[in-house]
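Undergrad: Any chance you could fold what I've pasted below:
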Amino acid sequence: MDNLAPQSSDFLKTSPGYFVTAMPGLPNIASGLSYNNSLDSYDPFSILPDIEGEPVPKQLLIRYYVERLAPWLCYLDDLLNLQAPKIAWLGFAVEHIAFYYATLLTAAVHLNRRRKLKDPAALIWYKVHTIQLANEKMNVGEEAASDEMIMTALILLYFNVGGANVDEYEIHLRGIDQMLKVRGGTEKLGMRGMVKNWLLISYGPWSEGFEYGGFVKST
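TA: Below you'll find the predicted structure:
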């Protein structure tokens, strides 16, 4: 590693974390949707939240998220470390059930765009359960405007299921804006900067010059 600049590709390739920062190959789970647990009877995913009737095994969606989405999403992290596993917000999501199912929704939507799921209703299932769980959290005072709830709303906004519904889009925008006001602005947000940084690259009421009614409804 002598004389290698920290920004060079050769340097990155020698880093212990390179395998999770490089562009992932095509995920093999997208084709067969199968999961092989090599740990015999112990399933490490068994500690994760579980709702009866999940249409896609959470093992598949978590693996897809880690392999395909997290290497890009991790760049929202102000504390990004090239030598650490690149899992973006997954560590926060597993502690917050609405955010967790929103994260599964990101994986399901992205996977479906690459290779159609056998049952397209699976996307609606994850969307509906994410909204239900988020609504339950809204009734808990300290949870109503948490970082996790803002991220859940951003996921529902950007990983859209069900077509271009402008009214629904603006509902999410208003909800996010209200949560930001409760929190006192983007600089008050945590989660290692991931919430703030996503908002900074998004266009909404928190953006200068934004006006409602500017989105075109599909006919």
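Undergrad: List the contacts of residue 51.
TA: Residues near residue 51 by C-beta atoms under 8 Å, 6 or more residues apart in numbering: 101, 129. To be clear about C-beta, it is placed using only N, CA and C from the backbone, and glycine gets the same treatment.
Undergrad: what helix or strand does it sit in?
TA: Here residue 51, judged by DSSP states H and E, is contained in no helix and no strand.
Undergrad: I'd like the secondary structure assignment at residue 66, please.
TA: helix (DSSP: H, G, I helix; E, B strand; the rest coil).
Undergrad: Please name the spatially closest residue to it (chain neighbours excluded).
TA: Sequence neighbours aside, residue 87 is the residue nearest to residue 66 in space, at 5.9 Å (criterion: C-beta to C-beta, 6 or more residues apart in numbering).
Undergrad: swap in residue 174?
TA: Per C-beta to C-beta, 6+ apart, closest to residue 174 is residue 205, 7.2 Å.
Undergrad: do the same with residue 186
TA: residue 196 (4.6 Å).
Undergrad: ok, how many other residues are close to the one you found?
TA: Residue 196: 20 surrounding residues under other C-beta atoms under 10 Å.
Undergrad: what do you get for residue 68?
TA: With other C-beta under 10 Å as criterion, residue 68 counts 21.
Undergrad: quick one, helices of this protein?
TA: Per DSSP state H, the chain carries helices over the ranges 9-14, 18-21, 29-32, 58-64, 70-73, 90-93, 97-114, 121-138, 147-158, 166-183, 194-200.
Undergrad: what's stretch 128-147 in contact with?
TA: Stretch 128-147 is touched from outside by 51, 92, 96-98, 101-102, 105, 148-149, 152-153, 155-156, 178-180, 182-183, 189-191, 195, with contacts defined as C-beta under 8 Å, 6+ apart.
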